[in-house]
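J.: Need coordinates for the below:
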Amino acid sequence: MAMRPKVHRIEAVRAITVIARRRDKVDDKHRDLLPDAESSDPRDVLDYLRKFSGNDIPLWVLQADVCDALTLNNWLWWEDRRRELHFLTAGRARGLSLAQLGSQVGVGKQGVVDRIDRLEALLRYDRPDEKITRAERRAARASQLHRGEELDWLSRHSDLVRSLTVAVIDHAGQYQLADDEREWIDELAVDLRDEALTPATMVLLGLAATELRTATAVMALASTRPDRVHSTLNRIDALRSRFAALGRAEASHRAFALDSPPPLRASGPIYAAT
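T.: Numbers count the residues shown, from 1 in each chain. Next up, the predicted model:
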């Protein structure tokens, strides 16, 4: 079954407006009962169309009303999904048990968890598949753990990172790099001045090293007699390789787990029959 098209509030407002314009032309008896403000509840507009669409209304108006009514109905469907997700998550945040929530929507404890995950996947990705939301949460947790590992590594190697950063800046001055040759080196200097060592600092260190390595004055050095700058660049390469290796084994393990499909199980519809 095809997914309902998502409808923006602007489209719903437009539908209300065009319905009102059409009814202005053909409905002298009941037009004043039609809500036509941008803030009107689409349900009230739909109720009007259901009640006042008799034989006295031209067929072309009735046909156009149906198309716009379905637009409003689709907007309400998605709004109901957003509203339900809001109150399910609010219930959990306010300490209600899964059993209490489940009794209100006709599902068990696991059904509530599945329902929340499916609604989140539906509203974010247009796919009511709880596995999408759960995979996203696992990835977010893994990313947070990895970032913590990176920050811990930077803390333990901060002196070395700073000394290599200072060396890059000193070499840039020694070889008189022009302003357009040291954009990333200057950015790295700002990080050093602000003492803001983050994983992004290691990216900047790599970009700054590339600027230094490809600077005209450094490229002109005799290759048979390595200079101190070459030693600095080699040490930066080695340090960045060690940093890049953080969590690599863990990432490989996660990739294998994600590639292995979970056991199949029955998955019911999002909404229980009432």
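J.: Could you list the low-confidence segments of the stretch 151-274 of the chain?
T.: The model of the stretch 151-274 of the chain has pLDDT under 70 over residues 196, 222-224, 247-274.
J.: quick one: the helices in it?
T.: For the stretch 151-274 of the chain, applying DSSP state H, counting those that start in this stretch gives helices covering 158-174, 183-194, 199-214, 216-219, 228-244, 248-259.
J.: List the buried residues for the third one?
T.: Put plainly, it is helix 199-214. By 16 or more other CB atoms under 10 Å, the buried positions in helix 199-214 come out as 201-202, 204-206, 208-209, 211-212. Placement of C-beta: from N, CA and C, glycine included.
J.: Export these as a markdown table, with columns for distance to residue 161.
T.: Converted to a markdown table, the buried residues of helix 199-214 look like this (distance: CB to CB, whole Å):
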| residue | distance to residue 161 |
| --- | --- |
| 201 | 7 |
| 202 | 8 |
| 204 | 11 |
| 205 | 7 |
| 206 | 12 |
| 208 | 12 |
| 209 | 12 |
| 211 | 17 |
| 212 | 16 |
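J.: which one of the residues you listed sits closest to residue 235?
T.: Taking CB to CB as the measure, residue 235 sits nearest to residue 209 out of the buried residues of helix 199-214, at 9.7 Å.
J.: thinking again about what came up before, deepest-packed of the helices of the stretch 151-274 of the chain, please.
T.: helix 199-214 (a mean of 18; mean count of other CB atoms under 10 Å).
J.: Can you check which of the helices of the stretch 151-274 of the chain gets nearest to residue 18?
T.: Nearest to residue 18 among the helices of the stretch 151-274 of the chain is helix 248-259; the distance by CB to CB comes to 47.0 Å.
J.: The spatially most central residue of the chain and residue 16: what is the separation?
T.: The centroid of the chain falls nearest to residue 124 when counting by CA atoms, centre = their mean (8.3 Å). Distance of residue 124 to residue 16, computed by CB to CB, to the nearest Å: 27 Å.
J.: same deal with residue 202?
T.: Look at residue 202 and residue 16: by CB to CB, they are 54 Å apart.
J.: what do you get for residue 211?
T.: For residue 211 relative to residue 16 (CB to CB), the value is 58 Å.
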